[in-house]
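A.B. asks: fold the following.
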Amino acid sequence: MSDGRCVTLTPVRPAVADVDLWIMDTGSGVDIVDRSMVRRLLSRVRKHTGGVILHTVNGPTPVESEIDLTISELKEQSVALVLPDTPSLLSLGHWCQALGYRFVWEPYSDSPTLQHPDG
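C.D. replies: Numbering: from 1, shown residues only. This next block holds a predicted model:
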C-alpha cells in the first residue's frame, strides 16, 4: 500500500560486543562469543537455525543463538554463535581461508600477526 510518501531505510550495522580479548582459535570452524559479552545487545541476538552442535570439552553443545557483530580491531563483520560460559574466539581457519587473512608466527617470535588481506 502506498500513499505517495517516500520511505528511506537505514541499514542496521552489526553491533560491537564488549569483548576485551578475542582468541584466534585453530580448532574452531566458527566464531563464538560469550553470552555475557553481548548482554547489552540481546535484542540483536537471534535464533540460530543451522542445527549446529559443537563438540566442546563439556560435551556436545547445541547452538541456539547467533548475532551479527563488528570485530572492531579488524574492522570486519562476523556472524558469531552465542554460547554461555565460553571464551570469545575467532576461527583462524575461517578468517584466513574464507576472508583472505594471513597468519604469521615467525620462529622464536613472541608476536604472531594477523595480516589484513589488503596488507
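
A.B. asks: my guess is residue 48 contacts residue 65. True?
C.D. replies: Yes. Using C-beta atoms under 8 Å, residue 48 makes contact with residue 65 at a distance of 5.4 Å. All C-beta spots, glycine's among them, are computed from the backbone N, C-alpha and C.

A.B. asks: joint contacts of the two?
C.D. replies: 81-82 (C-beta atoms under 8 Å, 6 or more residues apart in numbering).

A.B. asks: for the chain, which segments count as helices?
C.D. replies: 92-97 (DSSP state H).

A.B. asks: list the contacts of the residue nearest the centre of it.
C.D. replies: The centre of the chain sits closest to residue 80, judged by C-alpha atoms, centre = their mean, with a distance of 3.5 Å. Neighbouring residues of residue 80 by C-beta under 8 Å, 6+ apart: 17, 30-33, 66-67, 69, 88.

A.B. asks: can you check residue 67 too?
C.D. replies: Residue 67 touches 14-15, 17, 33, 38, 41, 44-46, 79-80, 82, counting by C-beta under 8 Å, 6+ apart.

A.B. asks: tell me the buried residues within those residues.
C.D. replies: 14-15, 17, 33, 38, 41, 45, 80, 82 (16 or more other C-beta atoms under 10 Å).

A.B. asks: pLDDT-wise, what's the bottom of the residues you listed?
C.D. replies: Minimum pLDDT for these is recorded at residue 14 (73).

A.B. asks: can you pull the pLDDT of the residue nearest to residue 72 when sequence neighbours are not counted?
C.D. replies: In this structure, residue 72 finds its nearest non-sequential neighbour in residue 16, 5.3 Å apart by C-beta to C-beta, 6 or more residues apart in numbering. Looking at residue 16, its pLDDT is 82.

A.B. asks: I'd like the numbering to begin with 42 instead of 1 from here.
C.D. replies: Yep, numbering from 42; the last one is residue 57 now.

A.B. asks: tell me how far residue 57 lies from residue 70.
C.D. replies: 23 Å (C-beta to C-beta, to the nearest Å).

A.B. asks: where does pLDDT dip in this structure?
C.D. replies: Applying pLDDT under 70 to the chain flags the ranges 42-45, 47-54.
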